[in-house]
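1. when you get a sec, could you give me coordinates for this:
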Amino acid sequence: LPRNHQPQVLEELDPSLEPIMSRAIVKVGNRSIIKLGDKEIDYNPEFRFYITTKLANPHYTPEISTKATICNFCVKQQGLEDQLLGTVVRKERPELETQKNDLVVAVAAGKRKLVQLEDTILYMLSTASGSLLDDEELVLTLQSSKTTSSEVTQQLVISEQTEKKIDAAREGYRPTAYRASILYFLLADLARVDPMYQFSLDSYVALFNISLDKSTPSADLQERLKNLNNYHTEFVYRSTCRALFEAHKLLFSFQICAKILQGAKKMNLQEYDFFLRGGQVFDKSSQPPNPCSDWISETAWDHITELDKLPSFRNILTSFESSARDWKEWYRHPEPETSAARLPGEWENRCSELQRLIILRCLRPDRIVFATNTFIVINLGQKYTEPPVLDLNLVLGDSTPTAPLIFVLSPGVDPTNQLLQLAETKSITFNTIALGQGQARANPPTPPAQPRSHSPRPTHAHGSHTHGSLHLLTDSSIHRVSIASPPHQTTP
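-> The predicted structure follows:
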């Protein structure tokens, strides 16, 4: 393998790697031999074999696990939060981050010097001959070491006190780092919804840096944090919606809302889990009878039975016996999620917004989409229920020169006209290059050379499973690359 080559694997390894994994090395004279296939190859004891995988949570068989050292390099939320905290402080208070880094180096150097002094003294004591008091060099070294040690220790105390003050100042920006970290892991979880949704950490950090630059500045720290959080949350929502199927945009908005509320300790995780999963009765013999079997289905009654076990919903089962008429009236309301439909008895004032969602999920799942919309509007705002319409001009403003933006389109959809209009508006050149069988010309036109200041700003790529076109946008030209290829089994 090339020196820096790192093969990406899944949960099963190629059988040809077995001799390497099991270290099937044979000594032949003074040579170490390993057999790969039908070839015998000299084995270098300095050889190291690294394999990487992009699987978020791989499960390897015991046979593989016992033959390899498995290291998990996946970023954790706390680690990412600390990394983003450094980013925001470096941007907002660069002097703090510089002092912090300098102090870390100074403290480490001071501790290293103390260890070196101790080692020097121990070495001189172990090699001294005769009376220690007669060894002038040793006495002078001890005196010098005592003075130096006292100075270094004093410097360390001052440095550690200063470091605590700096850390306290840096901690003021942690709410922004925390918000940004939970949003990243929310994006990472979207791959469970559809494998097409893959978001890299590098691109997310780039989004975060754009938010730091474009959000409204303020001298007041709390106001600045509020501006940063609001801008970055909306920016992530707007940018991510461009990559989501329409059916998943409301789910994404709800997840943003839920994660923010959970981070603020305003959402009960047990209730949230019930809202997502519902309830299931495993022992029907112990289940109370359904008093409203004429309008409550068996599945709905199972949900209500399990719901009664949550602390906030104690005695909701018995309320269906004592207030059956009121529950039926609420159930038959055309819009039970609105304030016009009041819950029976104490439940109207007792239930939070999430708890009302849970009751609706149990009895009227057909209205859950409308209720979720209302929940998001109350907690985040109307704009999070209205996905932004694609605007190439905004895409250009949000893009960076280092990564292409790719459009995945349905067959028959062609954004060329939009790109032409954008090129005309920006007074830049539009170029088309075709690749693939039957599309490429022998000598396709070469795009004109761009000045160094005009770094490539790829705007979009269009791709269905078999045909696609890549549109690369620079500050002075647009390049369109049409591609045709057969579908691949690993393509989502």
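2. in the stretch 201-350 of the chain, which spans are helices?
-> With DSSP state H, counting those that start in this stretch as the criterion, the stretch 201-350 of the chain has helices at 201-214, 221-241, 246-263, 269-277, 298-307, 316-322, 324-331, 347-350.
3. can I get these in JSON lines with mean neighbour count, mean pLDDT and distance to V28?
-> Where you see a C-beta, it was placed from the backbone N, CA and C, and this is true even at glycine. JSON lines is the format used below for the helices of the stretch 201-350 of the chain (neighbours: other Cβ atoms under 10 Å; pLDDT from 0 to 100; distance: least, Cβ to Cβ, whole Å):
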{"stretch": "helix 201-214", "mean neighbour count": "16", "mean pLDDT": "90", "distance to V28": "47"}
{"stretch": "helix 221-241", "mean neighbour count": "18", "mean pLDDT": "93", "distance to V28": "58"}
{"stretch": "helix 246-263", "mean neighbour count": "17", "mean pLDDT": "94", "distance to V28": "60"}
{"stretch": "helix 269-277", "mean neighbour count": "14", "mean pLDDT": "93", "distance to V28": "61"}
{"stretch": "helix 298-307", "mean neighbour count": "20", "mean pLDDT": "92", "distance to V28": "68"}
{"stretch": "helix 316-322", "mean neighbour count": "16", "mean pLDDT": "90", "distance to V28": "78"}
{"stretch": "helix 324-331", "mean neighbour count": "17", "mean pLDDT": "93", "distance to V28": "82"}
{"stretch": "helix 347-350", "mean neighbour count": "14", "mean pLDDT": "91", "distance to V28": "81"}
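4. as JSON lines, the ones you listed with distance to N57 would be great.
-> Converted to JSON lines, those look like this (distance: least, Cβ to Cβ, whole Å):
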{"stretch": "helix 201-214", "distance to N57": "17"}
{"stretch": "helix 221-241", "distance to N57": "22"}
{"stretch": "helix 246-263", "distance to N57": "19"}
{"stretch": "helix 269-277", "distance to N57": "19"}
{"stretch": "helix 298-307", "distance to N57": "28"}
{"stretch": "helix 316-322", "distance to N57": "37"}
{"stretch": "helix 324-331", "distance to N57": "41"}
{"stretch": "helix 347-350", "distance to N57": "39"}
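5. show me where the stretch 1-150 of the chain has strands.
-> Taking DSSP state E, counting those that start in this stretch as the test, the strands found in the stretch 1-150 of the chain are 25-28, 31-36, 39-42.
6. flag every buried residue along the second one.
-> Buried residues in strand 31-36, counting neighbours by 16 or more other Cβ atoms under 10 Å, are found at I34.
7. quick one: list the elements packing against that strand.
-> helix 18-21, strand 25-28, strand 39-42 (3 or more Cβ pairs under 8 Å, 6 or more residues apart in numbering; DSSP states H and E).
8. and those: which comes nearest E160?
-> In terms of Cβ to Cβ, the element of the helices and strands packed on strand 31-36 nearest to E160 is helix 18-21, at 46.9 Å.
9. how about residues contacting that closest one?
-> Residues outside helix 18-21 that contact it (Cβ atoms under 8 Å, 6 or more residues apart in numbering) are 13, 24, 34-36, 49, 64, 67-68.
10. alpha carbons of stretch 15-32, as PDB, please.
-> Extracted C-alpha coordinates of stretch 15-32, given in PDB (Å, rounded to 0.1, in the frame of the first residue of the first chain):
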ATOM      1  CA  PRO A  15      -9.900 -12.400   3.300                       C
ATOM      2  CA  SER A  16      -6.600 -11.500   1.600                       C
ATOM      3  CA  LEU A  17      -5.800  -9.400   4.700                       C
ATOM      4  CA  GLU A  18      -5.900 -12.400   7.000                       C
ATOM      5  CA  PRO A  19      -2.100 -13.200   6.900                       C
ATOM      6  CA  ILE A  20      -1.400  -9.600   7.900                       C
ATOM      7  CA  MET A  21      -4.100  -9.500  10.600                       C
ATOM      8  CA  SER A  22      -3.000 -12.800  12.200                       C
ATOM      9  CA  ARG A  23       0.700 -12.000  11.700                       C
ATOM     10  CA  ALA A  24       1.400 -15.200   9.900                       C
ATOM     11  CA  ILE A  25       5.200 -14.500   9.700                       C
ATOM     12  CA  VAL A  26       7.600 -17.400   9.000                       C
ATOM     13  CA  LYS A  27      11.300 -17.300   9.600                       C
ATOM     14  CA  VAL A  28      13.400 -18.600   6.800                       C
ATOM     15  CA  GLY A  29      17.000 -18.400   7.800                       C
ATOM     16  CA  ASN A  30      17.600 -14.700   8.600                       C
ATOM     17  CA  ARG A  31      14.600 -13.600   6.700                       C
ATOM     18  CA  SER A  32      11.000 -13.000   7.900                       C
END
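11. avg pLDDT for that stretch?
-> On average, the pLDDT along stretch 15-32 is 81.
12. closest to F430 out of the helices of the stretch 201-350 of the chain?
-> That would be helix 221-241 among the helices of the stretch 201-350 of the chain, by Cβ to Cβ, at 24.6 Å.
13. how big is the angle separating that closest one from helix 246-263?
-> Orientation check (axes from the mean of the first three to the mean of the last three Cα atoms, to 10 degrees): helix 221-241 against helix 246-263 gives 160 degrees.
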